[in-house]
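# Pasted the sequence and its predicted model underneath.
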Amino acid sequence: MSNLESTDLISSKYTVSQEEINSFAKNSGGMGSIHTDPEYAQKTFFKKTLVHGLYMLAIIEKEAHFQFKGSNIKTIEVNYLKPIVVNQEFHIKFIQKQVNDWELSVLTNDKPMIIGTFTL
């Protein structure tokens with residue numbers, strides 16, 4: 001039996017490379033060592049560089065636009081539960097709650113890393 005309901009949508013798998021993190025850091029000014037310096041990150045609890053939260057939000061928005069072609073997103077709210085690290089595979093799941101109201105989850109190995117809602 002599948003956990004995927006008829007109103008659920010799920011993205012393809014994503015990963016974010018160190019090059020993509022560094023490009024985002026350069027363009028956004030978010031040059032923190034936990035994002036851009038693998039040697040520094042190796043000494044931390046996470047052991048790898050972290051994808052910027054705002055970069056993850058941009059990926060979520062991009063995927064929502066792909067899933068809901070022709071719709072305008074009015075609001076997106078997210079809560080970061082755990083960080084996504086460099087080269088970590090994840091996907092985004094959307095669950096319809098009402099006609100224009102959706103829940104979203106960014107999942108790695110079916111574990112939620114980011115949760116939230118958005119309205120069309």
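Arrived safely. Note that this is a predicted model, so its numbers are computed, not measured.
# does the closest residue to Ser12 other than its chain neighbours count as helix, strand or coil?
Residue nearest to Ser12 in three dimensions, not counting chain neighbours: His91, with 6.8 Å by CB to CB, 6 or more residues apart in numbering. In short, each C-beta sits where N, CA and C put it, glycine included. Here His91 is recorded as strand under DSSP: H, G, I helix; E, B strand; the rest coil.
# Ok, the one 3 residues further on next?
Classification of Phe94 by three-state DSSP places it in strand.
# Who does it form a beta bridge with?
Leu9, Leu104 (DSSP bridges).
# So what's the residue count around it?
Phe94 has 19 neighbours, counted by other CB atoms under 10 Å.
# cool, Lys82 as well?
A total of 13 residues lie near Lys82 under the criterion other CB under 10 Å.
# didn't it look like it was pressed against Met113?
Yes: Lys82 is within contact range of Met113, at 4.7 Å (criterion: CB atoms under 8 Å).
# Contacts only, for the residue nearest to Ser12.
Going by CB atoms under 8 Å, 6 or more residues apart in numbering, His91 touches 10-14, 106-107.
# how close does Asn63 sit to Phe94?
No, residue 63 isn't Asn; it's Glu. Going from Glu63 to Phe94 by CB to CB, to the nearest Å gives 8 Å.
# An error on my part: the question was meant for Asp37.
According to CB to CB, Asp37 and Phe94 sit 34 Å apart.
# quick one: what helix or strand has His35 in it?
For His35, the host element (DSSP states H and E) is helix 33-36.
# longest single helix anywhere in the protein?
If you go by DSSP state H, the chain has its longest helix at helix 53-67.
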